[in-house]
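**Student:** no sequence for this one, just the structure:
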């Protein structure tokens, strides 16, 4: 199994198994030391004269005992070093797999263009946020953001300019919202912000703050485009399906987008020859 496919839980279990092998190795060391001590004592005790407190040994067996003990210690150390080397190699391999698995997961949930989370991460975070809101009896709101006239941006600035537009918008979203909020790119030119512990009124104010931040950004930049978008807000209620909440936010966003479009069309409406009233565009107001 590739590191990208191997579940992190399995890797953690393998690392725990390596830790248990460490304890087994140390247990073997302790057991060998005890056996050597017992064997040494079994050899020496019968040759001791306790009455005179004088130690007598048969010198004929000392060289064999000495060299046997040295050989045993050398062989045991060779075995221990080999096992330690194998354990270290296995541990390094497991850590490398963990790092690769973490990197693969990071790549899988991050949108490569904007650097915010992608739609795949949404499936992971929404159940967690709903569960947290239920436990804490707190509110949970969603803010849907859709770029206005993004096709015109691509037409006028090219696809590279359109990509830069999305990057700038994502940076503005990350700057505007709290660290506890989650910015997600749903796809194309549509974004979603998950707002924990936020009611509908607070989410509306957050939307207004985002619009003000966009105005300040537009005034302070010399890019060939201006950030323009529509926002829709919806608040999760107990028992609702998440798709229903997102549909409500979408509906609110499209309602505001349509209202803004109708307002712009009304302002830019050319004078009508059949009308009893003269209607001016915003550009001609100063000339009237």
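**Tutor:** Okay, I see it. All values derive from a computational prediction rather than experimental measurement.

**Student:** And what about residue 180, helix, strand or coil?
**Tutor:** coil (DSSP: H, G, I helix; E, B strand; the rest coil).

**Student:** Now do the same for the closest residue to it other than its chain neighbours: its pLDDT.
**Tutor:** Distances taken as CB to CB, 6 or more residues apart in numbering place residue 196 nearest to residue 180, at 5.9 Å, with adjacent residues excluded. (Glycine included, C-beta is placed from N, CA and C.) pLDDT for residue 196: 95.

**Student:** again with the one 5 residues further on
**Tutor:** Reported pLDDT at residue 201 in the predicted model: 94.

**Student:** how many other residues sit next to it?
**Tutor:** 12 (other CB atoms under 10 Å).

**Student:** what about it, is that helix, strand or coil?
**Tutor:** helix.

**Student:** same deal with residue 231?
**Tutor:** Assigned with three-state DSSP, residue 231 falls in the strand class.

**Student:** for residue 186, same thing?
**Tutor:** Residue 186 - assigned by three-state DSSP - is strand.

**Student:** shouldn't residue 170 be in contact with residue 112?
**Tutor:** No. Contact criterion CB atoms under 8 Å: residue 170 and residue 112 do not qualify, at 11.6 Å.

**Student:** of those two, who's got more company?
**Tutor:** Taking neighbours as other CB under 10 Å, residue 170 and residue 112 compare with residue 170 leading, 18 against 7.

**Student:** name the helices or strands packed onto the helix or strand hosting the more buried one?
**Tutor:** Using DSSP states H and E, residue 170 maps to helix 150-176. Taking 3 or more CB pairs under 8 Å, 6 or more residues apart in numbering; DSSP states H and E as contact, the helices and strands that helix 150-176 lies on are strand 140-147, strand 182-187, strand 190-196, helix 200-219.

**Student:** State the mean pLDDT of that helix.
**Tutor:** Throughout helix 150-176, pLDDT has a mean value of 93.

**Student:** Could you chop this structure up by domain?
**Tutor:** When the chain is parsed with automatic domain parsing, its domains come out as 8-108, 117-267.

**Student:** Please identify the most buried of those domains.
**Tutor:** Of all those, domain 117-267 has the most neighbours on average by mean count of other CB atoms under 10 Å, namely a mean of 16.

**Student:** rank the domains of the chain by pLDDT, which is bottom?
**Tutor:** domain 8-108 (a mean of 65).

**Student:** Can you add distance to residue 251 and give the helices and strands packed on helix 150-176 back as a markdown table?
**Tutor:** Putting the helices and strands packed on helix 150-176 into a markdown table (distance: least, CB to CB, whole Å) gives the following:
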| stretch | distance to residue 251 |
| --- | --- |
| strand 140-147 | 9 |
| strand 182-187 | 15 |
| strand 190-196 | 14 |
| helix 200-219 | 14 |
